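K.L.:
Quick one, what's the 3D model for this:
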Amino acid sequence: MRTRRFQGAEVGAVGLGLMGMSWAYSASERDDAASEELIREAVGLGATFLDTAQVYGAGHNEELAGRALKGLRDRVVLATKTGLVVDDARTHAMHRDGSPEHVRRSLEESLRRLGTDSVDLYYLHRVDPEVPLAETWGAMAELVAEGKARHLGLSEVTASQAERAHRIHPVAAVQSELSLWTRDAMGVPGGTAKQGPGLPAADTGEETGDVLGWCAANGAAFVPFSPLGRGFLTGSVTAGGLEEGDFRTGNPRFREEAMRENRRIVEVVRRVAERHGSTPARVAIAWTLAQGDHVIPIPGTKKSRYLHDNAGAADLDLTPADLEELDAVPAAVGDRY
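P.N.:
Numbers count the residues shown, from 1 in each chain. Purely as a prediction, here's the structure:
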């Protein structure tokens with residue numbers, strides 16, 4: 001797999017998001033042993049930028065990652081997150097906690113579950129509107145000074161928030177949703193930027209701004225999650241195919257009428273894929289990679305065939321004509337959450 005640089009380290013251009021192995025998607029398909037094997041397979045393929053979080057299964061995902069990475073820890077860049085607390089795992093309800101006490105305590109818990117002395121990247125999962133960002137970020141910076149985290153990142157923030165944090169301690173990465181149907185982080189309206197499954201709104205009154213451009217200008221990686229539009233951009237997801245408990249069933253974009261309208265986006269992706277003898281998944285991920293050399297997407301999967309398909313995006317070169325056609329797809333119908 002082609003590689004990219006993250007703070008001096010070489011990583012696969014396409015990483016792996018682990019969330020779906022424990023949280024939010026298709027509970028009937030979860031298999032810890034298979035997921036652990038998939039993580040090891042990903043490392044072998046070169047997908048060495050791995051993403052987990054404390055809230056994914058209330059710690060389960062970190063424990064799974066810790067088991068999978070025994071003997072492989074030094075081959076990966078491992079990221080986890082703080083700042084969210086699960087209230088109800090069944091409904092995916094949670095609240096924000098950016099208190100210094102929480103970010104410190106949660107990292108200690110994460111390190112224990114992951115079986116490591118430090119993480120390579122420690123994200124603030126969501127900014128807590130009740131706690132000044134400077135307090136949260138300052139506490140996280142102390143953890144870097146103590147050697148428990150090597151770098152710090154932010155998730156789903158505005159460009160202004162990233163700038164304010166960066167003045168206190170370098171922002172090494174910003175993780176936000178970015179795909180052919182979600183471009184908020186590029187400063188393009190079309191979704192709800194400050195919410196998530198089970199999360200209360202935290203409207204700062206700020207425009208999201210060009211977060212992607214801010215990262216490029218400030219030496220930070222931009223890490224797109226859901227580059228496949230939660231599977232929709234592959235063309236394989238139907239409203240009737242989502243099982244009960246899958247959080248997509250509550251997403252406005254996955255309502256039957258919205259999905260019918262949003263098929264127009266998938267049609268363009270398929271057309272480009274056919275020209276290359278490739279797949280819609282590879283085209284969708286390759287589009288995110290084409291947004292800058294600092295972009296490292298983290299598609300998630302629980303299946304080996306999808307892992308290989310996603311990884312293949314690193315070697316797909318879209319032409320200027322392809323990119324022009326993809327850039328012109330219609331805006332998605334329905335908010336993200």
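K.L.:
Quick one: end-to-end distance for stretch 3-16.
P.N.:
14 Å (Cα to Cα, to the nearest Å).
K.L.:
which regions of the stretch 151-300 of the chain sit below the pLDDT cut-off?
P.N.:
The stretch 151-300 of the chain contains residues with pLDDT under 70 at 189-205, 239.
K.L.:
Which residue ranges of it form strands?
P.N.:
173-177, 221-225 (DSSP state E, counting those that start in this stretch).
K.L.:
Which neighbours in the sheet does the first one have, and how are they oriented?
P.N.:
Neighbouring strands of strand 173-177 in its sheet, by DSSP bridges, are strand 149-155 (parallel), strand 221-225 (parallel).
K.L.:
Could you dump the ones you listed into TSV with mean neighbour count and distance to L18 added?
P.N.:
Every residue, glycine included, has its C-beta placed from N, CA and C. Formatted as TSV, those follow (neighbours: other Cβ atoms under 10 Å; distance: least, Cβ to Cβ, whole Å):
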stretch	mean neighbour count	distance to L18
strand 149-155	24	15
strand 221-225	26	11
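K.L.:
Among these, single out whichever gets nearest to L38.
P.N.:
strand 221-225 (17.6 Å; Cβ to Cβ).
K.L.:
so how far is that closest one off the chain centroid?
P.N.:
6 Å (Cα atoms, centre = their mean, to the nearest Å).
K.L.:
thinking again about what came up before, okay if I get the strands paired with strand 173-177 as TSV plus distance to A173?
P.N.:
Listed next are the strands paired with strand 173-177 as TSV, based on distance: least, Cβ to Cβ, whole Å:
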stretch	distance to A173
strand 149-155	4
strand 221-225	4
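K.L.:
Kindly present the strands of the stretch 151-300 of the chain as a markdown table, with separate columns for distance to A162.
P.N.:
What follows is those, written out as a markdown table (distance: least, Cβ to Cβ, whole Å):
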| stretch | distance to A162 |
| --- | --- |
| strand 173-177 | 6 |
| strand 221-225 | 10 |
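K.L.:
Can you check which of those gets nearest to A165?
P.N.:
Going by Cβ to Cβ, the one of the strands of the stretch 151-300 of the chain nearest A165 is strand 173-177, 9.6 Å.
K.L.:
didn't K148 look like it was pressed against R105?
P.N.:
No - taking Cβ atoms under 8 Å as the definition, K148 is not a contact partner of R105, at 11.8 Å.
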